[in-house]
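Undergrad: Provided below are the primary sequence and the corresponding predicted coordinates.
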Amino acid sequence: MKPQILAIAAAVTLAASANVSFAGDAAAGKAKAATCNACHGANGISAAPIYPNLAGQKEAYLVKQLKAFKDGTRKDPVMNPMAMPLTDDDIANLAAHFSGLK
Ligand code: HEC
């Protein structure tokens, strides 16, 4: 293989593996979202003014907020215990699910 082709192949591989840690599985997120829907709404649009809409929110932002709730950087008496049991995969999947809703 020519060096240029090797370089391209390496770049593609890097880009693909970088995606793995970020791209969530929206279907798995949807299944996991059953508990979230009580407050944030089945379509990610909440029915109460104190619960934020999550539908269509940026995926990276949702990941960041859920991690912040989980590690206590962002404090909220309701959301801290919600985020605590979530794994990194759960968070990625939930973010993919809610960001994909209209
Ligand atoms: C009992 C109600 C309730 C449940 C259940 C709940 N949340 Fe929340 N959520 C809230 C409230 C209240 C806030 C606003 C917190 C604040 O004011 O900082 C919030 C905020 C958030 C935010 C930040 C939104 C923003 O715009 O910054 C995210 C993301 C979120 N919740 C995701 C989830 C996920 C995912 C689940 C399920 C695992 C979940 N929530 C379950 C009540 C709930």
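TA: Thanks, I have it.
Undergrad: tell me the secondary structure for the residue nearest to residue 92 when sequence neighbours are not counted?
TA: Closest residue in space to residue 92, ignoring its immediate chain neighbours: residue 24 at 3.5 Å, by C-beta to C-beta, 6 or more residues apart in numbering. In short, each C-beta sits where N, CA and C put it, glycine included. Secondary structure state of residue 24, per DSSP: H, G, I helix; E, B strand; the rest coil, is coil.
Undergrad: My guess is residue 24 contacts residue 95. True?
TA: Yes: here residue 24 lies in contact with residue 95, judged by C-beta atoms under 8 Å, at a distance of 5.4 Å.
Undergrad: Please enumerate the shared neighbours of these two.
TA: Counting by C-beta atoms under 8 Å, 6 or more residues apart in numbering, the shared contacts of residue 24 and residue 95 are residue 59.
Undergrad: what residues does the protein put near the ligand?
TA: 35-36, 38-40, 50-52, 54, 62, 65-66, 76, 78-79, 82, 94 (C-beta under 6 Å from any ligand atom).
Undergrad: mind listing the helices for the chain?
TA: 3-20, 26-32, 34-40, 59-71, 79-83, 88-99 (DSSP state H).
Undergrad: any chance of the ones you listed in JSON lines, with mean pLDDT and mean neighbour count too?
TA: Below are the helices of the chain laid out as JSON lines (pLDDT from 0 to 100; neighbours: other C-beta atoms under 10 Å):
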{"stretch": "helix 3-20", "mean pLDDT": "53", "mean neighbour count": "10"}
{"stretch": "helix 26-32", "mean pLDDT": "97", "mean neighbour count": "17"}
{"stretch": "helix 34-40", "mean pLDDT": "97", "mean neighbour count": "15"}
{"stretch": "helix 59-71", "mean pLDDT": "98", "mean neighbour count": "17"}
{"stretch": "helix 79-83", "mean pLDDT": "98", "mean neighbour count": "16"}
{"stretch": "helix 88-99", "mean pLDDT": "98", "mean neighbour count": "22"}
